[in-house]
Structures are given as structure tokens and as C-alpha cells.
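J.: Compute the structure for the input listed below.
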Amino acid sequence: MYSHPHSPGPSGSQHTGPNGYGPTGPTYPAPGTNGTNPTPVTGAVPAQQGAHPVPSYEQQPQFALPKRWRYKPRRAFWESKALRAGALIALLALCGLIILAIVRQQTGTEGFLVGVALAVLPVPLLVGTFLWIDRVEPQPWRNLVFCFAWGACAATLVALLANSYATHLLATTFTSNPGESDTWGGTFVAPLVEETCKGTAVLLIFLFRRRDVQGIVDGVVVAGITATGFAFTENILYIGNAFGEDQVLGSTGLGSTTIATFFIRVIMSPFAHPLFTSMTGVGFGIAAMSRRGQARRWLAPLGGWAIAMLLHGIWNGSSSLGQFGFLLIYAAFMVPVFTLLAWLAVWSRGNELRTIRAQLPVYAMAGWLAPLEPVALSSMKARKLARDLARGSRGTAAARTVREYQSFATSLAFLRARAARGDADPDFTVREQELLHHMWQRKALAQPVLVQAAYSVLPPVPPAWPGPQVPPPYYGPYGPPR
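T.: Numbers count the residues shown, from 1 in each chain. A predicted model of the protein is given here:
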């Protein structure tokens, strides 16, 4: 229960005035409403007689949490998050050791080192791009680390073993030509296996970290980071094998297989795997934005997964069309799809900012936020400026506090947006109170810089036009005629 120092007490009037305000102060928005019928805050200390009126955005609610309030309730040992995290880390580490041994065995020590040195070059670019897209409500680092590790270790290991078995099965059962087996395997088998392995990470985040997947941006980021890890390990394998072939044939310089492989996989198509798997992420993002019971809630992930396999199959199949066929597919098909995905990601990020602008004013009317805070929180420029102001005045810790405040406010806006479209979380009330509590703990530091930053994005007020400067008429020494 949250209370307000300037609200009526339990025995006072419970009448609310216009705009959701009570007779002596703001009221608290009722969970699940849009703020039009907020409930008054109860259990507060009445305002003193003769006291000066306090602006609504400066009035401070008083928290009266239960005595045994815990953000991290105790769980049984087998339900411990530490146990689950430890088991997952051990599994990924085991997969990493196995895939490391397999790649090193196939490429040799020198080829492995060359592959690592060249394959790591696009990783910062890819990760930085997805982090830039995800600036509104960043994914927790544990999710990003899990996704990259899953793609680099678990997904690559399963895909490598499954692809090898499928290629062997095709060569011994359906075809007798090894080249034809490789073409069929790369066009039909590899897309199914690899996109399923990479998409599993998105599915796990969606199921067990549902709160962290709010829309298309989150799905694209989770899928893209997973595919970045997968591409990193796969590039080590391809570049390492190419280096081994050059060592045997004695090829060096620009005409070597290593340089050609590096150019195609790292320079021309670093976004290939992230592009494919992002389609699965878009599907899960659409599912996250859908209400319970809607068909697209489960059709969208399946459709995204199918599109990911289709794009992957077209890309792999283009290698059998010769040099000009590959370039034609690259220019006429892959580049437009990548451009469309980039536009969708940027548009979705803008839509998240519009959601913040639409959902947070109700909390400003209730006194939890200053009137200009929704303006600042819905602008990336103002959010960054607020952090810079806090860092310049009070140091890095203050900037981190402002960042946390912005993250909690963004989660609060998305929480209310889901309730507004009829898909309220089962723990809506508890989650809303928890987010408001976290914000209030950081409000004293974050609110002033956010209000100051809001003025940087507000449209300038045009000065009043003074009109033509006409001198007053002169009536002579006797004044105007009467």
C-alpha cells in the first residue's frame, strides 16, 4: 500500500476531482485502468491547516510495505536460480569444450588461431548494432551472454553433428555424388537444422524470461546476438579449413582461399546469419505483443521460423549458381530483405518510445512523475542528456542510477501498455508497485536531470509578435480633441 502525505486520511473524503486528483493531492492510478478512474491514495497524513500548497509533482507518497516484503523470496533448493544458472553454465561450457576440440581437430592449431583472429573482427560491429537497436529497454546482460554462448557453443555443436550425419545419409542413401550431397545438404538440411538450433535460444528466453521480451525489438536483439555467436564459431571453422588448404597447396596473397573465404563471410555477409534468425525473433516479438487466445500468438513464431529457413536455403543454394548467380541473389534479394529488417527494427524502437509517451502521463497526473518526465523518457536524446548531466555533476554512480530509473520507467510503461490492450500480467499490481518503489528510491537524483533534459527536446516557444512599431499620434500641446 502506498500513501500520500497530502491526501485525505482513512476517515477523510474519498472524492476525486478532475484529472484524477483528490481534494488535497493526486490519486494513485488503479491497476488495469487507463487512468480515467484512478483510486484515491488512502492511509495518508492530512495536510496541515494554513500550509502553503505544494505542487502535485513535488508531493511525495509514503510507502507502507508489508513487514516481510521481499523482492527475492526464498525458494526450495531444486528451485534455486543459482542451481539452474550453474547447470546451464556447466552445459554451455561442456558444449564449448567439445566444439573447440572438434574445430581444432579439423583446422589444426595454426588454422584455428588464424580463424579466431579473422572471425572475431565482425563480432563487435554486430553486437554493437544490436545494442544500439536495444537502447530503449536494454536486455539484461545475462540474457545477451546466454544467447551468444548458446549460438557459439550449443547451437554450433548440434548443427555440426546433425549436418555431418545428414550429409552422410544423403551420400549413402539418396545420391552417389559427394558434390550433389553437399548441395542438397546445404540447401535443405542445413537451414532446417541451424535455424532450429539458433531459434531454440529465442524460445527459451521467451518461455523463461518472458518479461524481457516485450516486442519486435527484443526478439530481433535476442535472435541477432544468438546468430552472431553461431556465425563466429562457424567462421572459425570455414576460415581455418581454408587456411589449411592454402598450406597444402602453397597458396598465398590475395588469390588464396583464406582471403576469398574471409571476404565472402566477413566482409560481404557478416549479417547473413543474424538476418536469417532475426525472422524467428520477429515472430516471437509479434507473439509477445498479441493477446492470449489469438492465433498469431503461436502462428507468428512458426511463420518467422519458416521464413528464416527459406532465406537461409536461398542463400546457401545461391552458391551452386556460380559467381554471377550468387551476386544476383545477393543484390536483388538479400540486400532488400536486410534493408526491410533494419527499417522494421528502427520503426519498432520508435514505437516503443511512443508507448512510453502515451502510458507514463497517467503516473505524472498521479504525482509519481514530474509533468515533463514522460517527454524526457520518450526521447533518446533527452535520456542520454540526463545521464550526461548526472555524470558531470555527481559522477558515474549517479549516471548509473539515472539509467536504472529510466529502465524501471520504461518497464512500467510497457507493463501498463499490455494491460491497456487486454493482456495484463497476472502479477500486474505487484509488479507495478515494485517498479514504482524502485523509481521512487532513485527519484531524488533522476527527476531533476530528466526535467532539465526535457527542455532540450521540447519545441521552442515562438516569441510574441510585437506588431508594427507605429509611433503614437501627436495632438499638439492641448491633447487629443474632445
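J.: Give me the residue ranges of the protein where confidence is low.
T.: Applying pLDDT under 70 to the chain flags the ranges 1-79, 175-176, 178-179, 461-482.
J.: Buried residues of the longest helix anywhere in it, list them for me.
T.: The residue-count maximum for a helix in the chain (DSSP state H) belongs to helix 81-119. Residues 92, 95-96, 98-99, 102-104, 107-108, 111-112, 114-116, 118-119 are the ones in helix 81-119 that count as buried (16 or more other C-beta atoms under 10 Å). C-beta here means a position set from N, CA and C on the backbone, and glycine is covered the same way.
J.: Ok, stretch 295-306 next?
T.: R297, A300, P301, G303, G304, W305.
J.: Which residue ranges of the stretch 251-400 of the chain form helices?
T.: 257-262, 272-288, 296-318, 322-329, 335-359, 361-365, 373-377, 380-394, 396-420 (DSSP state H, counting those that start in this stretch).
J.: residue contacts, L445?
T.: Residues near L445 by C-beta atoms under 8 Å, 6 or more residues apart in numbering: A390, R394, A398, T401, V402, Y405.
J.: Just the buried subset of those residues, written out for ChimeraX, thanks.
T.: To isolate the buried members of those in ChimeraX, using 16+ other C-beta under 10 Å:
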select :390,398,401,402,405
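J.: which two of the contacts of L445 lie the greatest distance from each other?
T.: R394 and Y405 (13.5 Å; C-beta to C-beta).
J.: what's the distance between F408 and Q105?
T.: Going from F408 to Q105 by C-beta to C-beta, to the nearest Å gives 48 Å.
J.: what's the burial count for the nearest residue to Y455 once chain neighbours are set aside?
T.: Spatial nearest neighbour of Y455, excluding adjacent residues (C-beta to C-beta, 6 or more residues apart in numbering): L372 at 7.6 Å. Neighbourhood size, L372 [other C-beta atoms under 10 Å]: 20.
J.: Would you confirm that L372 contacts A454?
T.: Yes: using C-beta atoms under 8 Å, L372 is in contact with A454, at 3.9 Å.
J.: Settle this for me: L125 is touching I267, isn't it.
T.: No: counting by C-beta under 8 Å, L125 stays clear of I267, with 11.1 Å between them.
J.: Need phi/psi at Q139.
T.: Backbone geometry at Q139, expressed as degrees, to the nearest 10, gives phi -70, psi 140.
J.: residue contacts, it?
T.: D212, D218, V221, V222 are the contacts of Q139 under C-beta under 8 Å, 6+ apart.
J.: Just the ones in helices from these, please.
T.: Going by DSSP H, the helices hold D218, V221, V222 from the contacts of Q139.
J.: now that we have those residues, which one has the most neighbours?
T.: That'd be V222 among the ones in helices among the contacts of Q139, by other C-beta under 10 Å, with 32 neighbours.
J.: What separation do you get for that residue and D134?
T.: V222 is 9 Å from D134, by C-beta to C-beta.
J.: any shared contact partners between these two?
T.: Counting by C-beta under 8 Å, 6+ apart, nothing touches both V222 and D134.
J.: Can you name the two of the contacts of Q139 that sit furthest apart?
T.: D212 and V221 (9.8 Å).
J.: how close does A190 get to C147?
T.: Taking C-beta to C-beta, one finds A190 at 21 Å from C147.
J.: which of those two has more neighbours?
T.: C147 (28 against 21).
J.: which strands and helices sit next to the helix or strand hosting the more buried one?
T.: C147 belongs to helix 141-149 when assigned by DSSP states H and E. Here helix 141-149 touches helix 81-119, helix 190-208, helix 216-249, going by 3 or more C-beta pairs under 8 Å, 6 or more residues apart in numbering; DSSP states H and E.
J.: which one of the ones you listed lies closest to T257?
T.: That would be helix 216-249 among these, by C-beta to C-beta, at 4.2 Å.
J.: I'd guessed S278 sits against L340; true?
T.: No: between S278 and L340 there is no contact, the gap being 10.8 Å when judged by C-beta under 8 Å.
J.: which one of the two has more residues nearby?
T.: Higher neighbour count among S278 and L340: S278, with 33 against 10, using other C-beta under 10 Å.
J.: List the contacts of that one.
T.: S278 touches G219, V220, A223, G224, A227, A308, L341, counting by C-beta under 8 Å, 6+ apart.
J.: I'd like these as TSV, with neighbour count appended.
T.: Shown next, in TSV, are these (neighbours: other C-beta atoms under 10 Å):
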residue	neighbour count
G219	31
V220	29
A223	34
G224	28
A227	34
A308	28
L341	19
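J.: Out of those, which is nearest to G322?
T.: Using C-beta to C-beta, the contacts of S278 come closest to G322 at A308, 25.2 Å.
J.: show me the contacts for the closest one.
T.: P191, E195, G199, F276, T277, S278, M279, T280.
J.: From E194, how far out is it?
T.: Distance from A308 to E194, by C-beta to C-beta: 9 Å.
J.: Next: D134.
T.: D134 is 24 Å from E194, by C-beta to C-beta.
J.: Kindly report the same for R431.
T.: 36 Å.
J.: just L125 next, same as before
T.: Counting by C-beta to C-beta - L125 and E194 are separated by 21 Å.
J.: If you count surrounding residues, which of these two has more?
T.: E194 (28 against 12).
J.: contacting residues for the residue nearest to the more buried one when sequence neighbours are not counted?
T.: Of all residues not flanking E194 in the chain, A159 sits nearest, at 4.7 Å (C-beta to C-beta, 6+ apart). Taking C-beta under 8 Å, 6+ apart, we find A159 in contact with A190, V193, E194, C197, F230.
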